[in-house]
Structures are given as structure tokens and as C-alpha cells.
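Colleague: Give me the fold of what follows.
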Amino acid sequence: MKLLLPLALSIASSLALSSCASQGLTSIEPAPPAYRPYGVEVQVYPAGIIPGLHARYRLSDADTLTFRLAANLTDRQDFGEREDESGGGWGGGVGWRRALSGDLDETGWYFGARVDVWDLSIDWRDRGRSGTTDIIVLQPTAEGGYGWTTERAGRFELGLGLGAEINVDTQGEDVGEGAILLLGLTWLP
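Modeller: I've put the predicted structure just below:
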């Protein structure tokens with residue numbers, strides 16, 4: 001399972017490179033001014049924060065494939081299985097967004113879905129006991145939001161996601177999992 005993140009990044013890189021080759025791009029060429037393929041994003045949820053790097057590949061004017069590599073920092077307090085849970089780790093994911101306006105570079109609403117995989121280490125304390133649990137978390141999420149572009153600052157997308165944290169591999173005692181609500185901001189300079 002520890003090889004899951006490098007494998008996912010290798011697959012994403014291969015897809016991006018093969019799409020460039022299929023379009024006849026033999027060198028790096030500047031993207032059209034309105035298209036911004038790289039940026040940063042941050043998501044917050046009641047028990048944590050997820051800062052990360054964001055990349056996208058345009059499938060059509062309205063559809064884009066998104067990729068992220070991020071850190072997941074959590075302080076679940078007593079929201080989880082134990083009296084106190086905190087920790088973090090690395091992960092990444094793939095998503096899809098569709099613009100209701102027909103063009104993701106224009107101002108307007110979007111919707112989509114993503115799936116992330118997290119490799120987390122959670123320190124916990126419970127009734128005089130404590131320990132550390134290493135988990136692999138699968139996090140499918142439906143999302144929607146509003147995006148706008150400014151001439152000077154770039155593209156912003158403010159989104160709300162509803163998903164689930166599913167512990168698919170647990171090394172140690174059980175820790176929390178379940179529904180998750182995320183508020184996020186993506187910035188593409």
C-alpha cells in the first residue's frame with residue numbers, strides 16, 4: 001500500500017505526457033492565455049486542513065480532469081473512534097469538473113467528483129491508553145462550486161464537497177471514518 005501514491009503519480013504523469021504526444025507537441029509550448037493548468041488548492045473540514053498542488057487537463061471546453069498532491073493534517077479531537085485523534089500524512093487524487101456555463105475558464109457554476117487516497121498516521125488517546133494507527137483512506141467526494149477569472153490574479157474556484165472517508169487498510173487499532181464535508185479554494189495563477 002505504501003507504493004500506491006508513487007504509482008498514482010506515475011500514472012498521472014504518463015497520461016499527461018501521452019496526451020501531449022498524441023497532440024503532436026514535441027516541446028513545451030505556452031498554453032493559451034485563458035487556460036491555466038497548474039495552481040494550488042486548500043480544503044478545510046471540521047477536523048482538519050488539506051493544502052496541496054493542483055493540476056488539470058482539459059477534456060473539452062466544459063470538462064476538465066483534475067489532479068492533486070497534498071498533505072492532510074487532522075485534529076479530530078473526539079470526532080473519531082477514540083477520545084482524541086490527531087495526525088496527518090500525504091496523498092493525492094483525481095477528479096472531474098464540468099462547467100454549467102459550457103466553459104471552465106468563464107465565470108459560473110461547476111460540479112464534479114473526485115477520489116483521493118491518503119496515507120495517514122493517527123496518534124490517538126483513549127481511556128488511559130494511547131497509540132498510533134497507520135491507515136490508508138479512500139475518500140470519494142461529490143463537489144460543486146463557483147469559479148471566476150481575474151486579469152491580474154488568475155482563476156479562482158470556491159467549492160463545497162460532500163464525501164466519505166473509508167479506512168481501507170488499518171495497521172493498529174481502529175480510528176474514525178465516515179462522512180466528510182469540505183470547503184475548498186483552488187487558485188490557478
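
Colleague: Lowest mean pLDDT among the helices and strands, pick that one out for the protein.
Modeller: Lowest on mean pLDDT, DSSP states H and E among the helices and strands of the chain sits helix 4-22, with a mean of 50.

Colleague: After that helix, which helix or strand is next? Please name it.
Modeller: On the C-terminal side of helix 4-22, the closest following helix or strand by DSSP states H and E is strand 38-45.

Colleague: Show me what that following strand is in contact with.
Modeller: 49-56, 68, 70, 154-155, 161, 180-189 (C-beta atoms under 8 Å, 6 or more residues apart in numbering). In this view, the C-beta of every residue, glycine as well, is placed from N, C-alpha and C.

Colleague: If you count neighbours, what's buried in that strand?
Modeller: Residues of strand 38-45 classed as buried: 39, 41, 43, 45 (neighbour count, 16 or more other C-beta atoms under 10 Å).

Colleague: Grab the nearest non-local neighbour of the third one.
Modeller: In space, Gln43 comes closest to Gly184 once its chain neighbours are excluded; the distance is 3.8 Å by C-beta to C-beta, 6 or more residues apart in numbering.

Colleague: ok, that neighbour touching Gly161?
Modeller: Yes: Gly184 is within contact range of Gly161, at 6.5 Å (criterion: C-beta atoms under 8 Å).

Colleague: Give me the below-cutoff pLDDT ranges for this protein.
Modeller: Where the chain drops to pLDDT under 70, the residues are 1-35.

Colleague: hmm, 80 instead?
Modeller: Across the chain, the ranges flagged by pLDDT under 80 are 1-35, 77-82.

Colleague: Tell me which residue lies farthest from the centre of it.
Modeller: The outermost residue of the chain relative to its centre, with distances by C-alpha atoms, centre = their mean, is Gly128 at 35.2 Å.

Colleague: neighbouring strands for the helix or strand harbouring Leu138, and are they parallel or not?
Modeller: Using DSSP H and E, the element containing Leu138 is strand 129-150. The pairing partners recorded for strand 129-150 under DSSP bridges are strand 108-126 (antiparallel), strand 154-171 (antiparallel).

Colleague: Name the stretch among these that sits most buried.
Modeller: Comparing the strands paired with strand 129-150 by mean neighbour count (mean count of other C-beta atoms under 10 Å), strand 108-126 comes out on top with a mean of 18.

Colleague: how big is the angle separating that strand from strand 38-45?
Modeller: Interaxial angle of strand 108-126 relative to strand 38-45 (axes from the mean of the first three to the mean of the last three C-alpha atoms, to 10 degrees): 50 degrees.
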